[in-house]
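Visitor: Quick one, structure for this:
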Amino acid sequence: MENVAHFLPLLGIAAFFAGLVDAVVGGGGLIQIPTLFTVFPNAMPATLFGTNKLASIVGTASAAVQYARRVAIPWGVALPGAVAALAGSWFGARAVAYLSPEILKPLVFVLLIVVAAYTFLRKDFGVGENLAQEGPGAMAKVAAMGGVVGFYDGFFGPGTGSFLIFLLIRFLRMDFLRASVTAKILNVATNLAAIAFFALNVDLLWKAAAVMASCNLGGAVVGSRLALRHGVMFVRKMFLGVVCVLIAKMAYDLLVHPG
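Guide: Numbering: from 1, shown residues only. Alright, predicted model coming up:
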C-alpha cells in the first residue's frame, strides 16, 4: 500500500469539503471517493468504499446532532426508516458479490434528471410550511424508503442523500431542512451497516480514515451551521447544485466508461 503520510493533507482537505456538503444535502462522496481512488490507485475498490464510509459517518452523525439542537427531528418516522435503511444497506453490500453496480447507472442517471427537473419546476417544493405526515401510514412510507434507498446505498451509493431528501419531501411533505436532518439519521444507519460489512470482509485504511474523519467532522460542523443560519432556501439551492453535479458526473461515466 502507498505511503499514506504523504497524502494526508490532500485527504484531509477533501474530507473537510465533503463533510461540509454532506451536512447540508449529502453528496460528499463525490469529493472523497475520487480523491481516495487518485491517492490509492492500486487499492481494492471495496477497501476505498469502506474507508470512505468510515470517514463520512463521523461527519454525518455530527451534523445530525447539530440539527437536532435547532430542528425537531420526527423520531416517529426517522427511527423506523433508520432500521429499514440499516437492513437494506447490509443486503445491498452483499448483493455486490452477485451483481455489478454498473447495471444501475443508466437508471440512476434518469432518476436524478427527474429529481432535478421536478424540484426546479416546483418552486414551492420543500420550501413551504412544514406539514410533515406522521402516524402508521408515514412510518410505512419511510420504512419502504429506508429499505430501498438503504439497499441502493450499500449496492451502489451515489446520490443516496439526495434521493432520501427528495422522497421525504415528496411523500412525507417535509421542508428541505427537516428532510435533510431526517435523511442524516437514515444515512448514519446505512453507513453503519456498510462499515460493518466492509470491516468484516476487506482491509480498511484505518490511518487515512481517522484523519479524514476528523476533517470531515470539521466540515460537517461548518455545513450544518450554514444550513441552520440560512434556512430552507439555502438547502434547496445546495440540493439542486449537488444533484446537477451528480448528473454531470454520471453522464461523463456513461459516455467515457459505458461498460
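Visitor: can you give me the helices in the chain?
Guide: With DSSP state H as the criterion, the chain has helices at 8-24, 29-39, 45-68, 75-95, 105-121, 136-155, 160-172, 176-201, 206-256.
Visitor: Could you report the separation of A72 from D175?
Guide: With distances defined as C-beta to C-beta, to the nearest Å, the gap from A72 to D175 amounts to 12 Å. The way it works is simple: take the backbone N, C-alpha and C, and place the C-beta from them, glycine included.
Visitor: Neighbour count for these two, which is higher?
Guide: Ranked by neighbour count (other C-beta atoms under 10 Å), A72 and D175 place D175 first, with 22 against 11.
Visitor: Can you pull the phi and psi angles for that one?
Guide: With angles defined as degrees, to the nearest 10, D175 sits at phi -90, psi 170.
Visitor: my read: it touches G126, true?
Guide: Yes - D175 lies in contact with G126 (C-beta atoms under 8 Å); the separation is 5.4 Å.
Visitor: Which neighbours do the two have in common?
Guide: 169, 232 (C-beta atoms under 8 Å, 6 or more residues apart in numbering).
Visitor: neighbours of R70, just the number please.
Guide: A total of 13 residues lie near R70 under the criterion other C-beta under 10 Å.
Visitor: and what of A251?
Guide: Neighbouring residues of A251 were enumerated by other C-beta under 10 Å; the total is 13.
Visitor: and the nearest residue to it once chain neighbours are set aside, what is it in contact with?
Guide: Here the nearest residue to A251 in space, its sequence neighbours aside, is F109; by C-beta to C-beta, 6 or more residues apart in numbering that works out to 6.7 Å. Residues in contact with F109, defined by C-beta under 8 Å, 6+ apart, are 247, 250-251, 254.
Visitor: And these, which of them are buried?
Guide: Burial by neighbour count, judged by 16 or more other C-beta atoms under 10 Å, picks out 247, 250 from the contacts of F109.
Visitor: what would the contacts of F109 look like in JSON lines with distance to L8?
Guide: Listed next are those as JSON lines, based on distance: C-beta to C-beta, whole Å:
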{"residue": "I247", "distance to L8": "32"}
{"residue": "M250", "distance to L8": "30"}
{"residue": "A251", "distance to L8": "32"}
{"residue": "L254", "distance to L8": "33"}
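Visitor: Show the contacting residues for L167.
Guide: So, once contact is read as C-beta under 8 Å, 6+ apart, L167 ends up touching 145, 149.
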